[in-house]
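S.K.: The amino acid sequence is not available; the structure is as follows:
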């Protein structure tokens, strides 16, 4: 007669039902982990946390770098509300940031898809290098080169436009074209990063899915909209967030190209903050601008994460 223990193997067998206590962790692992993390922790404390706390404290003071600071409470934040010029600078920053974001996300995707089409390997490598090279060059150097290219009288851009009978454009001295110049230069420098990330995302999509869609008779647009875009949506979301933050913080391009002019047509928030801090030596007010600007970016990023639930697929 068969017992229940034989019908249920492992009953009463500790080696099967109870693996026993976990193996003890070797001593020294915690110390080793702390040793590896210490440089990053020190860097974060010294270059991120401490300056952030310092700016937050300065926003409640009136300080000009020379005299002792005077505590003014929320007066600096009250000045933000009544600073009409600041609102205009936010407008010009938003206009340029959204344009740069659109170029990086939309045009970057288009160029990445084109680079992933069938072409000789050496040609594909050449295009990838040509798009990525400006990204690794200093923003100030890029802006300085483009300042000569966009010169109204001697610039190469106006010379080429003249060959097709287009009048000279005052790229850097016109309130209409100065922001466009900043958008062109910054997009030219940063789009290589977006292309590189897009290519990595495209290569992670299994070829079997596209091949199955082709067998089912799906056209190029259907394959992109039904297969490529959903599987690429996490990459698109990543680039939207990163490019939003970076485009709102542009500084070198407008500073070198136009110095924020004419007027404030191409001035950014970071440039305006810099002028208040090191031009007017009003570090308290500049700190208040920086704190509110950082909060705006945090809120904007949180909104992007919330909306991403509707169109991002993992």
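M.R.: Done, it's in. The model shown is predicted, which means the values in this text are computed figures rather than measured ones.
S.K.: ranges for the strands of the stretch 51-200 of the chain?
M.R.: Applying DSSP state E, counting those that start in this stretch to the stretch 51-200 of the chain gives strands spanning 61-62, 70-71.
S.K.: Show me what the last one is packed against.
M.R.: Just to be clear, that refers to strand 70-71. On a contact count with 3 or more C-beta pairs under 8 Å, 6 or more residues apart in numbering; DSSP states H and E, strand 70-71 meets strand 61-62. (C-beta placed from N, C-alpha, C; glycine too.)
S.K.: average pLDDT for the strand it packs on?
M.R.: For strand 61-62, mean pLDDT rounds to 92.
S.K.: just to revisit the earlier point, residue 102: which of the strands of the stretch 51-200 of the chain is closest?
M.R.: With C-beta to C-beta as the measure, strand 61-62 is the member of those nearest residue 102 (39.5 Å).
S.K.: what's that closest one packed up against?
M.R.: Strand 61-62 makes packing contacts with strand 70-71, helix 283-308 when contacts are defined by 3+ C-beta pairs under 8 Å, 6+ apart.
S.K.: That one pairs with which strands?
M.R.: Counting by DSSP bridges, the strands paired with strand 61-62 are strand 70-71 (antiparallel).
S.K.: ok, the nearest residue to residue 183 once chain neighbours are set aside to residue 92 distance?
M.R.: In space, residue 183 comes closest to residue 99 once its chain neighbours are excluded; the distance is 4.6 Å by C-beta to C-beta, 6 or more residues apart in numbering. Separation of residue 99 from residue 92 (C-beta to C-beta, to the nearest Å) stands at 11 Å.
S.K.: The two: which is more packed in?
M.R.: Comparing residue 99 with residue 92 by other C-beta atoms under 10 Å, the one with more neighbours is residue 92, at 24 against 18.
S.K.: And that one, what's its pLDDT?
M.R.: 95.
S.K.: So it versus residue 157, what's the distance?
M.R.: For residue 92, the distance to residue 157 (C-beta to C-beta) stands at 22 Å.
S.K.: correct me, but residue 64 touches residue 286?
M.R.: No. Counting by C-beta atoms under 8 Å, residue 286 is not a contact partner of residue 64; they are 10.8 Å apart.
S.K.: Which of those two has more residues huddled nearby?
M.R.: More neighbours surround residue 286 than the other of residue 64 and residue 286, with 24 against 13 (other C-beta under 10 Å).
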